[in-house]
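Student: give the three-dimensional model of this entry:
(2 chains)
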Protein chains: 2
Amino acid sequence: MKKKVGIVGYGGMGQWHATHIRGGKYLNTLEFRESDVAEMAGVYDIDPEKRKKAEADGFKAYDSLEALLAVPDIDIIVVATPNDFHEPIAIAALNAGKNVISEKPVTISCESLERMIDAANRNGKIFSVHQNRRFDNYFVGMKKVCDEGAIGDIISLESRVHGDHGIPGDWRKTVEHGGGMVYDWGVHMLDQQLWMLGYDVDRVYAHLDYLIGHPVDDGCFIDIFLKSGKFLHVEICTYNFIPMPLMYMRGRTGTAIINGWGQDIKVTRCLEWDDQDDILPVKVAAGLSKTMAPRAGRTMEQLTIPLPKTDEHDYYRNFCDAIDGKATQLVTHDQMRVVMKVIMAAFESARTNTVVQF
Amino acid sequence: MKKKVGIVGYGGMGQWHATHIRGGKYLNTLEFRESDVAEMAGVYDIDPEKRKKAEADGFKAYDSLEALLAVPDIDIIVVATPNDFHEPIAIAALNAGKNVISEKPVTISCESLERMIDAANRNGKIFSVHQNRRFDNYFVGMKKVCDEGAIGDIISLESRVHGDHGIPGDWRKTVEHGGGMVYDWGVHMLDQQLWMLGYDVDRVYAHLDYLIGHPVDDGCFIDIFLKSGKFLHVEICTYNFIPMPLMYMRGRTGTAIINGWGQDIKVTRCLEWDDQDDILPVKVAAGLSKTMAPRAGRTMEQLTIPLPKTDEHDYYRNFCDAIDGKATQLVTHDQMRVVMKVIMAAFESARTNTVVQF
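Tutor: Predicted coordinates for the structure are as follows:
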């Protein structure tokens, strides 16, 4: 039987969840199949206009959070409000005996996250964060390259998301609601990278951009060194009129790159480290370089790997299985803790211009 | 009348200078025109085999440094030895009344550089470092984009040089001779970036790679924040089987990129910041993004700027003019000081995992 879902917050992401579950067209852009594991039970939004919109869209709208939480057959509450409201709503829902999917970032401090986890444990309910970008096809493809050892042990992974018109809309420009690019995109990219390469964070160095004049960061880079020696770089900018490649991963026996969304993965593998007895320098502009001279072709292999098909319903499938005790939740509490701690370390690093030891 | 040049060290760069001055073919790769401002007077190398090679190449080889420095009509001594020998040879040459061009890095500590500058001042001679990559066509092209304001005030500049077969050859793999990528390529890229965007360094953060097992760094990145707020990133790797773009520059009204050596400069200019009343989100893999949605085309302009022609003899021309009092030396002592101090800060940052305030 499908799990019944109540959604709190009927803005962009609340509408996304509702359409994703029922199936249909979202913002004239995405076409969703109906979920095979979840169905819509209702919506609550603090704004009467949004409740009206929910009704117009064919969903039952409740007049209060309490009313929504009091519906006995709702299994899952999705929290899709501004980030600073995730904690009180999630805890209220957990205390009402509901399982909770919080939109990302799960909340805006480590202490707040601990209170949410406590509430989940106390009530014996499943509580997780909607890290749906673990199913992004480009990320899944890169993770496969990594997991299958196609380029050997990973040395470094760089993820870049570059936009060119600042932060659009609403509360995402405000500090009190947890706006800014670290919370918006950074949390996805950190979650992806740490999930792929390990949670053994040693230290964090970050810089935040304030180019447009909002009180929140409109761009950032976050450098993470893992205890394993692996290096992670997450970069989000909203002031780049030409984007740099989306993902770049170096391994001991090769390099993989994705130049942009929807593009194939390019892999170059090194078949043999020693390739020339006597490397001839190449002319590079005003000078010569032996170091940057090209390899002999015979020691290299170039592959093009198409992006895998991914299923956008897998997140809910796992969550519902976790409720039924048939699976471990995909995004665990410990993983959420590390991502939140890295975000706090990034803010501290950028504020103090220091490297933050974990 | 052409200045007479004596070269100390007849390895790769010593041979480069000699061929560059006389004209002719270098390592079957480069064809040099004869210099219009300098001519070869002789060579000294500590290795008798290299002296024999110099003679075979048609240059007079001297049996000792003293003998070379004693030739009265030599105007310029070029120091093209391993990096740890630059200081004693340069000081001996300056004390012998010669002007000195040191290969880069000029030396391997700030104190050493001060002793060299003292010797130059004491003897009233011109002393500079061979930062010939200020004439690299890709760099000259990017500097022109910057200087002409084509993309407005510069926000950040990133330079990457990515090779794929480690450090080739000789002493460049040893600590005592000042090997490693920071000294080899880093010094060029730092010199270029600081010359373009200013020497007002506020702080330095760096990481060194030791992937291949040499005692020296086989790759690095160096992040510099200027007091002006500009951000500089220098990255050299010798373990990247796919290179990332060579130069990437963000300005207030546009972005410029060079994808690789010999490739044109691509510029995208933003004609108008506000471009859409209501930005429609784009599908990016498993999710949607308003932030990363494309701009309306009408607010953008794309340009392709061919690389400029540069003249490889301009470095020597300036140096000879400086000797004659007709020009200021292109690479000044103060500029050399800042580059050397940044390099020391980068080593310290990487060793201590801290941000080094300047």
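Student: count of residues packed around residue A:25?
Tutor: For residue A:25, the count of nearby residues is 10 (other CB atoms under 10 Å in any protein chain shown). The way it works is simple: take the backbone N, C-alpha and C, and place the C-beta from them, glycine included.
Student: nearest spatial neighbour of residue A:242, chain-adjacent residues omitted?
Tutor: residue B:255 (4.3 Å; CB to CB, 6 or more residues apart in numbering or on different chains).
Student: partners of the helix or strand hosting that neighbour in the sheet?
Tutor: Using DSSP states H and E, residue B:255 sits in strand B:254-258. Applying DSSP bridges, strand B:254-258 is found paired with strand B:247-251 (antiparallel), strand B:265-270 (antiparallel).
Student: dump the residue contacts of residue A:84.
Tutor: Applying CB atoms under 8 Å, 6 or more residues apart in numbering or on different chains to residue A:84 gives the contacts A:108, A:176, A:177, A:178.
Student: quick check on the residue nearest the centre of chain A: phi, psi?
Tutor: Compute the mean C-alpha point of chain A, and by CA atoms, centre = their mean the closest residue is residue A:188, 1.6 Å away. Backbone geometry at residue A:188, expressed as degrees, to the nearest 10, gives phi -70, psi -50.
Student: follow-up on the earlier one: can I get the contacts of residue A:84 in a markdown table including distance to chain B and secondary structure?
Tutor: Shown next, in a markdown table, are the contacts of residue A:84 (distance: CB to the nearest CB, whole Å; DSSP: H, G, I helix; E, B strand; the rest coil):
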| residue | distance to chain B | secondary structure |
| --- | --- | --- |
| A:108 | 19 | coil |
| A:176 | 20 | coil |
| A:177 | 16 | coil |
| A:178 | 15 | coil |
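Student: please pick the buried ones from those residues.
Tutor: By neighbour count, with 16 or more other CB atoms under 10 Å in any protein chain shown, those hold A:108, A:177, A:178 as buried.
Student: just the C-alphas of the strand holding residue B:255, formatted as CSV.
Tutor: What follows is strand B:254-258, C-alpha atoms only, in CSV (Å, rounded to 0.1, in the frame of the first residue of the first chain):
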residue,chain,number,x,y,z
GLY,B,254,31.8,39.3,-18.2
THR,B,255,33.9,36.1,-18.1
ALA,B,256,36.9,35.2,-20.2
ILE,B,257,38.3,31.7,-20.8
ILE,B,258,41.2,30.0,-22.7
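Student: any idea how far that strand is from the chain center?
Tutor: 21 Å (CA atoms, centre = their mean, to the nearest Å).
Student: re earlier: can you lay out the buried ones among the contacts of residue A:84 as a markdown table showing pLDDT?
Tutor: Output for those, formatted as a markdown table (pLDDT from 0 to 100):
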| residue | pLDDT |
| --- | --- |
| A:108 | 94 |
| A:177 | 88 |
| A:178 | 86 |
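Student: mind jotting down where the helices sit in the stretch 201-350 of chain A?
Tutor: In the stretch 201-350 of chain A, helices defined by DSSP state H, counting those that start in this stretch lie at A:314-323, A:333-352, listed in chain order.
Student: now those helices as a markdown table including mean pLDDT?
Tutor: Listed next are the helices of the stretch 201-350 of chain A as a markdown table, based on pLDDT from 0 to 100:
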| stretch | mean pLDDT |
| --- | --- |
| helix A:314-323 | 97 |
| helix A:333-352 | 98 |
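Student: out of the ones you listed, the one nearest residue B:354 is which?
Tutor: The closest of these to residue B:354 is helix A:333-352. By CB to CB, the value is 11.2 Å.
Student: right, is that closest one up against chain B?
Tutor: No. Using CB under 8 Å from any CB of the partner chain, helix A:333-352 stays clear of chain B, coming no nearer than 8.5 Å.
Student: next one: stretch A:205-217
Tutor: Yes. Stretch A:205-217 is in contact with chain B by CB under 8 Å from any CB, via A:205, A:207, A:209, A:211.
Student: ok, residue A:71 - contacts?
Tutor: Applying CB under 8 Å, 6+ apart, the residues contacting residue A:71 are A:4, A:6, A:41, A:42, A:62.
Student: where are the low-confidence patches of the stretch 101-250 of chain A?
Tutor: Low-confidence segments of the stretch 101-250 of chain A (pLDDT under 70): A:169.
Student: distance check, the closest residue to chain B within it against residue A:222.
Tutor: Residue nearest to chain B within the stretch 101-250 of chain A: residue A:136 (3.5 Å; CB to the nearest CB). To residue A:222, residue A:136 is 18 Å away according to CB to CB, to the nearest Å.
Student: how many residues are close by residue A:72?
Tutor: Neighbours of residue A:72 under the rule other CB under 10 Å: 7.
Student: from residue A:247, how far off is it?
Tutor: Residue A:72 is 45 Å from residue A:247, by CB to CB.
Student: hang on, the earlier thing: please list only the buried members of the contacts of residue A:71.
Tutor: Here, 16+ other CB under 10 Å leaves A:4, A:6, A:41, A:42, A:62 buried among those.
Student: now the helix or strand harbouring the first one, how far from the centre of its chain.
Tutor: For residue A:4, the host element (DSSP H and E) is strand A:3-8. Using CA atoms, centre = their mean, the distance from the centre of strand A:3-8 to the centre of the chain it belongs to is 22 Å.
Student: what does it rub up against?
Tutor: With CB under 8 Å, 6+ apart, strand A:3-8 has contacts from A:14, A:17-18, A:21, A:37-45, A:59, A:62, A:65, A:68-69, A:71, A:73-81, A:89, A:93, A:98, A:320, A:323.
Student: what mean pLDDT does that strand get?
Tutor: For strand A:3-8, the per-residue pLDDT values average out at 98.
Student: list the strands paired with it, with their directions.
Tutor: strand A:38-44 (parallel), strand A:76-79 (parallel).
Student: quick one, whatever helix or strand comes next after that strand and strand A:3-8 angle?
Tutor: Scanning forward in sequence from strand A:3-8 by DSSP H and E, the next helix or strand is helix A:12-22. If you take axes from the mean of the first three to the mean of the last three CA atoms, to 10 degrees, helix A:12-22 sits at 160 degrees to strand A:3-8.
Student: what helices or strands is helix A:12-22 leaning on?
Tutor: strand A:3-8, strand A:24-26, strand A:30-32, strand A:38-44, strand B:287-289 (3 or more CB pairs under 8 Å, 6 or more residues apart in numbering or on different chains; DSSP states H and E).
Student: go again with 10 Å.
Tutor: The elements that helix A:12-22 packs onto, with contact taken as 3 or more CB pairs under 10 Å, 6 or more residues apart in numbering or on different chains; DSSP states H and E, are strand A:3-8, strand A:24-26, strand A:30-32, strand A:38-44, helix A:48-56, strand A:76-79, helix A:314-323, strand B:287-289.
Student: CA atoms of that helix as PDB?
Tutor: Written as PDB, here are the backbone C-alpha positions of helix A:12-22 (Å, rounded to 0.1, in the frame of the first residue of the first chain):
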ATOM      1  CA  GLY A  12       8.700  25.700  -5.200                       C
ATOM      2  CA  MET A  13       9.800  22.500  -3.600                       C
ATOM      3  CA  GLY A  14       6.500  21.700  -1.900                       C
ATOM      4  CA  GLN A  15       4.900  21.900  -5.300                       C
ATOM      5  CA  TRP A  16       7.700  19.800  -6.700                       C
ATOM      6  CA  HIS A  17       7.100  17.000  -4.100                       C
ATOM      7  CA  ALA A  18       3.300  17.100  -4.700                       C
ATOM      8  CA  THR A  19       3.700  16.800  -8.500                       C
ATOM      9  CA  HIS A  20       6.400  14.200  -8.200                       C
ATOM     10  CA  ILE A  21       4.100  12.000  -6.000                       C
ATOM     11  CA  ARG A  22       0.900  12.400  -8.000                       C
END
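Student: which one of the buried ones among the contacts of residue A:71 sits closest to chain B?
Tutor: Of the buried ones among the contacts of residue A:71, the one sitting nearest to chain B (CB to the nearest CB) turns out to be residue A:6, at 21.4 Å.
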